[in-house]
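Colleague: Structure, please.
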Amino acid sequence: MKKISILSIALICVLALGTFVACDTAGQQTPETAPPAPQATAPAQATPATPAAPVDVPQAQGPSGSITIAIPTEPVSLIPARHNSTPTIPFMFLTHNRLFQQHHETFEPIPYLVSEWQALSDTLFEFTIHEGIMFHNGEEMTAEDVVASWYFVRETPDARGVHLSAVSIEQTGSHTVVVDTGEPNATFLVDLASHGNSILPASLINSGHDFAVNPVGSGPFIFEEWRAGDHLRYTAFPYYWNTDRVAYIAELTYRVIPEGASRTIALQTGEVDFIEAVALPDVGRLQDDANFTISMIDSPALNIINLNHQTPQFSSVYARRAIQMAIDTEVIVAAAYDGFGLPTRSQFPRVFAGSTYNGVMPFDPEGAKALLAEHNIDPSSLDFEIIACNEGFRRAAEIVQAQLSEIGISVSIIQMDAAARFSTVTEGNFEAAFGPWGAGWLESILRAQFVGEGGLVSRNHMNNPELSQLLLSGFATIDFDSRIAIYEEASRVANEYVVLIPSHLDVTIRAFNANITAPELSGLSTIWNVNTIRWNN
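Modeller: Now for the predicted structure:
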């Protein structure tokens, strides 16, 4: 079994006073509220705006050739602020940039569009963006675009979570803004790196441009077309502002191939050049073939079963405890994921400081039966449906189905794609659902999973005031040691409350043509830098 080492991933220790110059990894080539808009319906063919050649930005040299990447599911939207879907996030980073971005190995937020920034106080931060940043429609980015984008995302419930760390923004110069966090907030820089805080052209926001049909940003790729259920196509943006990070590949195509075996066949026959999410039974065969490269990277991503606390089955903490006690996560990893992963039972990912096993429900089927009997809960009253949105989750759901049948609970499995699963869980029209916890930082996802106050609805549709207040207090605590102590208590409370059912930490497995170099792959599928991949010859 390939086990994930416990990563030493530091959170933000302090937002120190002083000015910091941008320090992104440019040129590095070694691994290192309004109602939500309708989900995007892909047009038969969308025609993007053709960018005018900027006068003051030299055309980058080098984009050439094409690469086709096979993916298991297509995005739920092309608008960064209109979703919080893990499989969709990589598409946002193709076409858009943020003030900060996360490093692909350490996951730390690093300045990107920002040339310099300084903390004016514990709550006021000044940011200056680079001059000469061009949008795909030929307009130059200014502070006006940053402010307009800030309000654009703030009106969107789907991405509102990444704005709770700030209360206002003010343009103070042509390329300078000041953001007020209201109170000290440890999540602030992480939020600025979120896909939801991508910068869009103010002119298009103000004109009501349909970003779902034609996403326009400042990213290294230009959107060209989306044929629903088949493919998405992008071309390199030749006037990308960071000349050291211009895409190597001239044309990038994503082929939607839901079946893992079909993705492998497509790679072997040359129909595609790169696979995201390799079918586990095919890993060994591809490893033995010199024509392909296999990348396996330990990931902080946690796989979980979201539970809808508003349903009768999961409204009782004793029922939730019994269900977790009846599920053997080691069997899930061994049988559903061929041993690739690290079984876990903790509500918080074990790779993060602040996670604890205190209060965790052990695997104990007989104890689960006794607990239900003690509280006069009829196991048959807990029968539920569970959503699975890919092959791995389907196999895991079948194992859960078998294990819970041993304590008298019947489970039905519903198969749906990732986009449908995401909207179903968000709207609360579900009972249970397997899904990924794909954040590279702890705070951003803690809100989504556990905070049920302040206008947010958790993905588990629960409201535990004690847990929410602990987390909100942690978010507002800048001192690292003090914040981690709060998170440890919150982790214990979440373990005892059984908000959700954890299963395992991932190993991210990709396969690609051996003539391709992919220097900045990440353990998180959301933040690997596609603009750095290239053919060797």
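
Colleague: Domain map for the chain?
Modeller: Using automatic domain parsing, the domain parsing of the chain gives 62-253+514-535, 298-507.

Colleague: could I get these as CSV with mean pLDDT and distance to V278?
Modeller: Yep, even glycine has a C-beta here, placed from its N, CA and C like the rest. CSV is the format used below for the domains of the chain (pLDDT from 0 to 100; distance: least, Cβ to Cβ, whole Å):
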stretch, mean pLDDT, distance to V278
domain 62-253+514-535, 91, 10
domain 298-507, 91, 10
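
Colleague: Mean neighbour count for these - can I get that in CSV?
Modeller: Shown next, in CSV, are the domains of the chain (neighbours: other Cβ atoms under 10 Å):
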stretch, mean neighbour count
domain 62-253+514-535, 21
domain 298-507, 20
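
Colleague: Including distance to S262, could the ones you listed go into TSV?
Modeller: Compiled in TSV, these are given as follows (distance: least, Cβ to Cβ, whole Å):
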stretch	distance to S262
domain 62-253+514-535	8
domain 298-507	11
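
Colleague: What segments of the stretch 1-150 of the chain are strands?
Modeller: Secondary structure of the stretch 1-150 of the chain (DSSP state E, counting those that start in this stretch): strands at 18-21, 66-71, 100-102, 109-111, 114-119, 124-129.

Colleague: Convert stretch 147-163 to PDB, retaining C-alpha atoms only.
Modeller: In PDB, the C-alpha atoms belonging to stretch 147-163 read as follows (Å, rounded to 0.1, in the frame of the first residue of the first chain):
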ATOM      1  CA  VAL A 147     -12.500  46.400  -7.300                       C
ATOM      2  CA  ALA A 148     -15.200  45.400  -9.800                       C
ATOM      3  CA  SER A 149     -14.200  41.700  -9.500                       C
ATOM      4  CA  TRP A 150     -14.300  41.900  -5.700                       C
ATOM      5  CA  TYR A 151     -17.900  43.100  -5.800                       C
ATOM      6  CA  PHE A 152     -18.800  40.600  -8.600                       C
ATOM      7  CA  VAL A 153     -17.800  37.600  -6.500                       C
ATOM      8  CA  ARG A 154     -19.200  39.000  -3.300                       C
ATOM      9  CA  GLU A 155     -22.700  38.900  -4.800                       C
ATOM     10  CA  THR A 156     -22.300  35.200  -5.600                       C
ATOM     11  CA  PRO A 157     -23.300  32.700  -2.900                       C
ATOM     12  CA  ASP A 158     -21.300  30.000  -4.500                       C
ATOM     13  CA  ALA A 159     -18.000  31.700  -3.800                       C
ATOM     14  CA  ARG A 160     -19.000  33.900  -0.900                       C
ATOM     15  CA  GLY A 161     -16.900  31.900   1.500                       C
ATOM     16  CA  VAL A 162     -13.700  33.300   0.100                       C
ATOM     17  CA  HIS A 163     -14.800  36.800   0.900                       C
END
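
Colleague: Let's check: the centremost residue of the protein is which one?
Modeller: T86 (3.7 Å; Cα atoms, centre = their mean).

Colleague: right, and it touches P436 too?
Modeller: Yes - using Cβ atoms under 8 Å, T86 is in contact with P436, at 5.0 Å.

Colleague: what touches both of those two?
Modeller: A301 (Cβ atoms under 8 Å, 6 or more residues apart in numbering).

Colleague: coming back round to it: can you put the strands of the stretch 1-150 of the chain in TSV and add distance to D180?
Modeller: Putting the strands of the stretch 1-150 of the chain into TSV (distance: least, Cβ to Cβ, whole Å) gives the following:
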stretch	distance to D180
strand 18-21	18
strand 66-71	39
strand 100-102	17
strand 109-111	18
strand 114-119	12
strand 124-129	6
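
Colleague: Which one of the ones you listed lies nearest to V360?
Modeller: Ranking these by proximity to V360 (Cβ to Cβ) places strand 100-102 first, at 28.6 Å.

Colleague: Show me what that closest one is packed against.
Modeller: On a contact count with 3 or more Cβ pairs under 8 Å, 6 or more residues apart in numbering; DSSP states H and E, strand 100-102 meets strand 109-111, helix 188-192.

Colleague: just to revisit the earlier point, just tell me which of the strands of the stretch 1-150 of the chain ends up closest to P365.
Modeller: Nearest to P365 among those is strand 66-71 (37.5 Å), distances taken as Cβ to Cβ.

Colleague: Starting from the closest one, tell me which strands it pairs with and how they run.
Modeller: Strand pairing for strand 66-71, using DSSP bridges, gives strand 251-256 (parallel), strand 274-276 (parallel).

Colleague: quick one on the thing from earlier: looking at the strands of the stretch 1-150 of the chain, which is closest to I509?
Modeller: Proximity to I509 (Cβ to Cβ) singles out strand 66-71 among the strands of the stretch 1-150 of the chain, at 13.0 Å.

Colleague: what's next to that closest one, contact-wise?
Modeller: With contact meaning Cβ under 8 Å, 6+ apart, strand 66-71 is reached by 87, 249-257, 263, 266-267, 271-277, 516, 530, 533, 535.

Colleague: is it true that F135 touches I222?
Modeller: No - between F135 and I222 there is no contact under Cβ under 8 Å: 10.2 Å.

Colleague: Quick one: distance of the longest strand seen in the chain to the chain centre.
Modeller: Ranked by residue count and defined by DSSP state E, the top strand of the chain is strand 292-307. Strand 292-307 has its C-alpha centroid displaced from the chain centroid by 12 Å (Cα atoms, centre = their mean, to the nearest Å).

Colleague: May I have the strands that pair with it, each with its orientation?
Modeller: strand 432-437 (antiparallel), strand 501-513 (antiparallel).

Colleague: Can you name the next helix or strand after the last one?
Modeller: Scanning the chain past strand 501-513 towards its C-terminal end, the next helix or strand to appear is strand 516-517 (assignment: DSSP states H and E).

Colleague: in its sheet, what does that following strand sit against?
Modeller: Here, using DSSP bridges, strand 516-517 pairs with strand 534-535 (antiparallel).

Colleague: outside of the partner strand, which residues touch it?
Modeller: G65, I67, Y248, I249, N515, I516, T517.

Colleague: List the residues that contact L371.
Modeller: Y318, R321, A322, M325.
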